[in-house]
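> okay, sequence plus prediction incoming.
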Amino acid sequence: MTSNYKQISPELARHIRLVMADVDGTLTDEDGSESPSACEAVRQLEQCGITVGFVSGRHLSNLEALAQQLDISGPIIAENGGVAKLKPDSEILNLGYSREPALKELNRIKQLFPGAIREREDNAERLVDVVFFINGIAHKVVQEQLRDIQYYDSGYVLHLMERGISKGRTLLRLLNEIGYQGLSSTDTVVIGDSPTDISLFELFPYSVLIPNPRLTNEQRQAVQRVARYTSDLHCGDGFTEVANYIATLRDC
């Protein structure tokens, strides 16, 4: 049962050492633009002594630019877990993931549905996943033809990835295998808005759902089932109220 974010206790707020935030639908407004209040809330969390990182479906260079803009100090996880860095200015980690399965499946469905599959422009900058749109055919029809591949609908774009990759698994690898700053899942709060964040909500005990009006009822119910807390407001405003509440509980 998802609880309101105001059920976050002062003890938990003081215990938090890392906040990992999704970007689209979490730090952005409903129109997709960066939320000024959410950006300021990110800076406030860092000033409160909480390390902030990004865990997003965006490609790495996009997240690096945002990390520099907001001066965050935490990890960057891009492409829904496919690519990661321990901090914005560090080297890309070798996670052992391949883009080949996704590219192979993309080419196959392009042949099955001529003219219906359109790649997004930033595919050229991606290292692991593939992003695309479907035109003129129901998503379910295409999804039923996919073979041994992960398919994500973020509410913004469709993703194909090698099986076994997820935001939650990659973040756990950073904490458990690599030992990022000696932190654990119980020191961490994960914040997101869509089905691509379900792995975070399932694997981390302290998760916050930011409602996103772009989701279908089915998608909304899926994320609500696994999130620990939820904000009252949507998108960037929701992140802002949660971050401000945590900062207030920490007296900063």
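Structure received. Numbering: from 1, shown residues only.
> so how far is Pro36 from Tyr152?
Separation of Tyr152 from Pro36 (C-beta to C-beta, to the nearest Å): 28 Å. Every C-beta, even on glycine, is put in place using the N, C-alpha and C of the backbone.
> what's the answer for Glu100, then?
40 Å.
> then Asn4?
Asn4 is 25 Å from Pro36, by C-beta to C-beta.
> ditto for Leu172
Using C-beta to C-beta, Leu172 is found at 32 Å from Pro36.
> more neighbours: which of these two?
The neighbour comparison of Leu172 against Pro36 (other C-beta atoms under 10 Å) goes to Leu172, with 19 against 11.
> ok, now which ones touch the more buried one?
Neighbouring residues of Leu172 by C-beta atoms under 8 Å, 6 or more residues apart in numbering: Ser185, Leu203.
> for it, phi and psi?
For Leu172, the backbone dihedrals (degrees, to the nearest 10) come out as phi -60, psi -40.
> number the chain from 7, please
I'll keep to 7 as the first residue from here, and by that count the last item is Leu178.
> tell me the domain ranges of the chain?
Domain ranges of the chain: 9-100+172-255, 106-167, per automatic domain parsing.
> deepest-packed of those, please.
Across the domains of the chain, averaging neighbours per residue (mean count of other C-beta atoms under 10 Å) puts domain 9-100+172-255 on top, at a mean of 19.
> quick one: that domain to chain centroid distance?
7 Å (C-alpha atoms, centre = their mean, to the nearest Å).
> mind checking the end-to-end distance for it?
End-to-end distance of domain 9-100+172-255 (C-alpha to C-alpha, to the nearest Å): 17 Å.
> again with stretch 132-146
Termini of stretch 132-146 sit 25 Å apart (C-alpha to C-alpha).
> can I assume Phe210 is in contact with Ile197?
No. Contact criterion C-beta atoms under 8 Å: Phe210 and Ile197 do not qualify, at 10.1 Å.
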